[in-house]
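Novice: fold the following.
(chains A and B)
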Amino acid sequence: MADDRPSIEEILAMARSQDGGSADTPAPAEPEAAPPAEETAPAAETSEETPEAKPSKPAAPAAKPSGVSDILAMARAQDSGGGTEAPAAEEAKEAEAPDETPEAKPSKPSAPAAKPSGVSDILAMARAQDSGGAAETPAADTPAKEAAAEDDAPSSETPASAGDGSRPSVQEMLQQLRQTDGAGQATEAVSETSSERPMPVRPAAPEAPVAPPTPGRRSVLVALMLAPTQLIATPFAIAWTTLTAACGAMVLGLARFMFPNTLVEPPMTFKIGPPSDYPPESVSTKFKAERGIWIVRSTMYNGQDQIVAISTVCTHLGCTPNWLEGEQKFKCPCHGSGFYKSGVNFEGPAPRPLERHGLRLAPDGMLEVDKSKKFQEELGQWEDGTSFVNS
Amino acid sequence: MNVDPFIDPHPNLTPAVLQGLGWLYLVLCAMNLWWTIRVYREDKHVMVPVLNIELPRATFWALYTSALMIVGFMHVSWTNEDYIDRFPLVLEPGGPFQTTIDFVVANPVTYFVISITGTIAVLLFRKFLVKPTVGWILLNAAVLFQALSMTDYDFRQIVGKPDNVPIVALLYLVGGFTWLYFYKAVENDRRLAEWDGEGPVPVLENDENEKVLVWPDLVYSELICMIAITTLLIVWGIVLEAPLEEPASSAKTPNPSKAPWYFLGLQEMLVYYDPWLAGVVFPTMILGGLMAIPYIDFNRIGNGYYVFRQRAFSIITFLVGFITLWVAMIILGTFLRGPNWNIFGIYEYWDVHKLEALNNVMLSELFYLDWFGQFLDMPSYGNDDPLGKQVSMILLRELPGFAVIGIYFVALPPLLAMTCLRTFYQRMGYLRFMVFTQLLLWMAALPLKMVLRWALNLKYLVNIPEYFFNI
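Specialist: Residues are numbered from 1 along each chain as shown, chains lettered A, B, ... in the order given. I've put the predicted structure just below:
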């Protein structure tokens, strides 16, 4: 079905010939840029609609000489056109390629004819792609693919497809344009003559239809390889790159700091003497300073005579409470939290009981604390057999 | 009474104290001499009721000044250490007075009631308080109160601590600047009330709007200020030595353990709220809220000069927030919080073993156990209950708390918009009003939680220690 439809370049060429001169290049190009915006109409209709669409599209792009904005415009056109190559593209390709190739070219040569500058060439091409609607991307190298893609245009407007790698890079376009310029076609007037002109460029094209994604993939590769140069392209970029690098180095240094070569701290597991060292209903503070634990022997928690190792870290904000023998409670000096001998909180802001550490009776009859384990009462972990020793 | 430290380790009077107080009285005397001259020049007279004669007001100030001079010289010249207890003119606040003060300030309820009623009283009686004579009397009263209290050993230990000296000075500054604000605001209010709306606003600030030059007027002033401040800092650094304590140890927390003075308000909040709220959310809300004030404020008048009536709401809100919720808490934290973070009176000995009942309950316990007499079902952990059941049980348990907080933060703003803050809502628009009420509610959350703590012994509204989530 795509056969019936003229390619963008054809339309362009037609438009130009109607206008009767290469000088008007920008004018015919613009109207065609408009339809894709409203898209989903077949490309064939596009050419008919051009006259009406003309006013809707401002001539601004043509007037703008700046390269960046042109490239931008092209990017936008691609997005709005939502070009895709569907699987169908492959089948359509072979058949259409021969017909379209000759006609496809005119647009490009004609552009140089009108304006010899590279930027305006890109512009012209961008406009041509606009008119193509869906399949603008392949247009540059593979007319066949473009035509095929046009079929899918109505159904695929999604901009998501814009980044699928089939888009020719700016460099490629420039390169191609330079080749055409170099061939001395700049002075050519009208499209028919120039339609043969692209042929020197075309030689590359025959390969394209066979494997359309290849140039896309290559361009992505090139873009990827060139991407790092963007990091030092401007003083601004250099500044940010340097800052990022410095911050990254700092983070790495910090990460390294977390793993010191030697760790000077007492072992997590240690013996605290036999159970007989701890008389009933007693709180031993002798390991508080060095190990950060109290050894408590009490029946207070659940009626059983247990020896436990209680952490000296307040559960409110991490201060170290004091054991007040007279009041029989742990009392935190920072915000007044109070804990029973069992470690259960009962006053002040502490939200939960003090934590226990692991405690077991070692084979040699000594109590052994394991500070790497902790047991939280509110999670029911004080029932755990390794959190206490019965005596 | 004897100064021998082996007999009395906590002497109320020492020669050094008498000397220092003597100089303080002499300074006060000099200040009042200036004031007496000032009053004399004004040449105002007052009728003495009983004697029925008219006297210049300066007479009374002259009598007061000479009394101060006598007292000051008595203090300074009393060098007989052996008979310090026979010092004839010692001015001590006395037992009943001290007991009363201690009783009042050592109770958080009375303390905050006083700080709030004091702020309200200042707002109500501002026209009386800003009279120069009243201001001067207030200053004298403050200095005399401090001087008399300095004869108490325990008061001296707190106020005389090198850390706390600048805080005492700051209190005078806060009082002085608040007075200055009200002085100017009351005057501007009066002028604006008489203003017919023509010409420039007749405020104090416009009286002296002559152009002055940066150089030399401003730069010279700055230079003089710089030299004065540098001198002050050097003298301060030499005279008041920084307290040097034992090496820090993770196993030993000083008792009491106090934050820097400017964070004592936060530390006080931590008594009532969970750390993630009092240490993270509240400071963020305070800073964010202060930054949001210019965007919330819809009042177009009263900018650029001191005024009260034109900005009454903003100023009342700010003063309540600043004086009662920040400065009062700094005072509380600095002077009243003692060992184990108990509250002590200013004349009270810091007893590590002072017992203070701080038993608290959760809202869930109050709700289910006390009010509805139901058994409070706790999820069992470990392998017993699946996670879903645990979570649903916790949520059910904390439902009352979530409901209270939901009503407070979600239902109250629209309610306020419909009732007492209706004009605000109309003038501010939806979004601004919501931000404004949320900030206001956050600010009110602290005193409300305090009241709940005192009234119901309520610890947390929502208590999920399993996931470190408490409100």
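
Novice: can you give me the neighbour number for B:Thr334?
Specialist: Using other CB atoms under 10 Å in any protein chain shown, B:Thr334 is surrounded by 20 other residues. C-beta here means a position set from N, CA and C on the backbone, and glycine is covered the same way.

Novice: how near is it to B:Leu170?
Specialist: Applying CB to CB, to the nearest Å, the value for B:Thr334 to B:Leu170 is 10 Å.

Novice: then B:Phe128?
Specialist: 25 Å.

Novice: higher neighbour count, these two?
Specialist: Comparing B:Phe128 with B:Leu170 by other CB under 10 Å, the one with more neighbours is B:Leu170, at 17 against 9.

Novice: residues of chain B that sit close to chain A?
Specialist: B:249-257, B:267, B:270-275, B:279, B:339-342, B:352-353, B:355-360, B:380-382, B:459-460, B:463, B:465-466, B:468, B:470 (CB under 8 Å from any CB of the partner chain).

Novice: tell me how far the closest residue to B:Val462 other than its chain neighbours lies from chain A.
Specialist: Once flanking residues are discounted, B:Val462 sits nearest to B:Gly401: 3.7 Å by CB to CB, 6 or more residues apart in numbering or on different chains. For B:Gly401, the distance to chain A (CB to the nearest CB, to the nearest Å) stands at 13 Å.

Novice: B:Gly401: how many residues sit nearby?
Specialist: When neighbours are counted by other CB under 10 Å, B:Gly401 registers 22.

Novice: likewise the one 10 residues further on?
Specialist: The burial count assigned to B:Ala411 is 11, neighbours taken as other CB under 10 Å.

Novice: that's a helix at it, yeah?
Specialist: Yes: under DSSP: H, G, I helix; E, B strand; the rest coil, B:Ala411 sits within a helix.

Novice: per the annotation, how does chain B divide into domains?
Specialist: Using automatic domain parsing, the domains assigned to chain B come out as B:104-125+B:158-197+B:214-242+B:256-351, B:363-470.

Novice: which of the ones you listed has the lowest mean pLDDT?
Specialist: For these, mean pLDDT drops lowest on domain B:363-470, to a mean of 86.

Novice: what's the offset of that domain from the middle of its chain?
Specialist: How far domain B:363-470 lies from its chain's middle: 28 Å, per CA atoms, centre = their mean, to the nearest Å.

Novice: where's A:His357, which helix or strand?
Specialist: Taking DSSP states H and E as the criterion, A:His357 maps to strand A:356-361.

Novice: helix or strand right after that strand?
Specialist: Next in line after strand A:356-361, if elements are assigned by DSSP H and E, sits strand A:367-375.

Novice: does that next one come close to chain B?
Specialist: No: Strand A:367-375 is not in contact with chain B by CB under 8 Å from any CB; minimum separation 11.3 Å.

Novice: buried residues in that strand?
Specialist: Within strand A:367-375, the residues that count as buried by 16 or more other CB atoms under 10 Å in any protein chain shown are A:Leu367, A:Glu368, A:Val369, A:Asp370, A:Lys371, A:Lys373, A:Phe375.

Novice: and which of the residues you listed is nearest to B:Arg190?
Specialist: A:Phe375 (69.1 Å; CB to CB).

Novice: kindly export the host helix or strand of B:Met329 (C-alpha atoms) in PDB.
Specialist: Here B:Met329 is covered by helix B:328-331, with elements defined by DSSP H and E. Provided in PDB are the C-alpha atoms of helix B:328-331 (Å, rounded to 0.1, in the frame of the first residue of the first chain):
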ATOM      1  CA  ALA B 328      11.100  29.700  79.000                       C
ATOM      2  CA  MET B 329      12.300  26.200  78.100                       C
ATOM      3  CA  ILE B 330      15.900  27.400  77.900                       C
ATOM      4  CA  ILE B 331      15.600  28.800  81.400                       C
END
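
Novice: so where do the helices sit in the stretch 351-471 of chain B?
Specialist: B:363-364, B:387-397, B:399-406, B:412-418, B:422-428, B:430-456 (DSSP state H, counting those that start in this stretch).

Novice: same thing with the stretch 101-250 of chain B?
Specialist: Ranges of helices in the stretch 101-250 of chain B, per DSSP H, counting those that start in this stretch, are B:108-124, B:126-129, B:132-149, B:153-159, B:165-194, B:204-207, B:219-239.

Novice: using the three-state scheme, assign A:Ile232.
Specialist: Secondary structure assignment for A:Ile232 (three-state DSSP): coil.

Novice: what number of residues lie near the nearest residue to it once chain neighbours are set aside?
Specialist: Among residues not flanking A:Ile232 along the chain, A:Ile238 sits closest, at 5.3 Å (CB to CB, 6+ apart). For A:Ile238, the neighbour count with other CB under 10 Å is 12.

Novice: so stretch A:300-310, near chain B or not?
Specialist: No: using CB under 8 Å from any CB, stretch A:300-310 never reaches chain B; the gap is at least 13.5 Å.

Novice: list the residues that contact the residue of the stretch 151-300 of chain A found nearest chain B.
Specialist: Residue of the stretch 151-300 of chain A nearest chain B, by CB to the nearest CB: A:Ala289 (4.3 Å). A:Ala289 makes contact with B:Ser249, B:Ala251, B:Lys252 under the criterion CB atoms under 8 Å, 6 or more residues apart in numbering or on different chains.

Novice: surely the last one is in contact with A:Thr312?
Specialist: Think B:Lys252. No: counting by CB atoms under 8 Å, B:Lys252 does not reach A:Thr312; the two are 9.7 Å apart.

Novice: list residues touching both of those two?
Specialist: Taking CB under 8 Å, 6+ apart as the criterion, B:Lys252 and A:Thr312 both touch A:Thr320.

Novice: which of the two has more neighbours?
Specialist: Shown here are B:Lys252 and A:Thr312; by other CB under 10 Å, A:Thr312 has more neighbours (24 against 16).

Novice: quick check: phi and psi at that one.
Specialist: Main-chain dihedrals, A:Thr312, degrees, to the nearest 10: phi -90, psi 20.

Novice: mind saving the C-alpha coords of the top helix by length along chain A as CSV?
Specialist: Using DSSP state H, we find that the single longest helix of chain A is helix A:235-257. Presented in CSV, the C-alpha positions along helix A:235-257 are these (Å, rounded to 0.1, in the frame of the first residue of the first chain):
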residue,chain,number,x,y,z
PRO,A,235,34.0,25.5,31.3
PHE,A,236,30.6,24.9,32.9
ALA,A,237,30.8,21.3,32.1
ILE,A,238,34.3,21.1,33.3
ALA,A,239,33.4,22.7,36.6
TRP,A,240,30.6,20.2,37.2
THR,A,241,32.7,17.3,36.1
THR,A,242,35.4,18.3,38.5
LEU,A,243,33.0,18.8,41.3
THR,A,244,31.4,15.4,40.7
ALA,A,245,34.7,13.7,40.5
ALA,A,246,35.9,15.3,43.7
CYS,A,247,32.7,14.4,45.5
GLY,A,248,33.0,10.9,44.2
ALA,A,249,36.5,10.6,45.4
MET,A,250,35.4,11.9,48.8
VAL,A,251,32.7,9.3,49.0
LEU,A,252,35.1,6.6,48.1
GLY,A,253,37.6,7.8,50.7
LEU,A,254,34.8,7.7,53.2
ALA,A,255,33.8,4.2,52.2
ARG,A,256,37.4,3.2,52.7
PHE,A,257,37.5,4.8,56.1
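
Novice: list the buried ones in that helix?
Specialist: Buried residues in helix A:235-257, counting neighbours by 16+ other CB under 10 Å, are absent.
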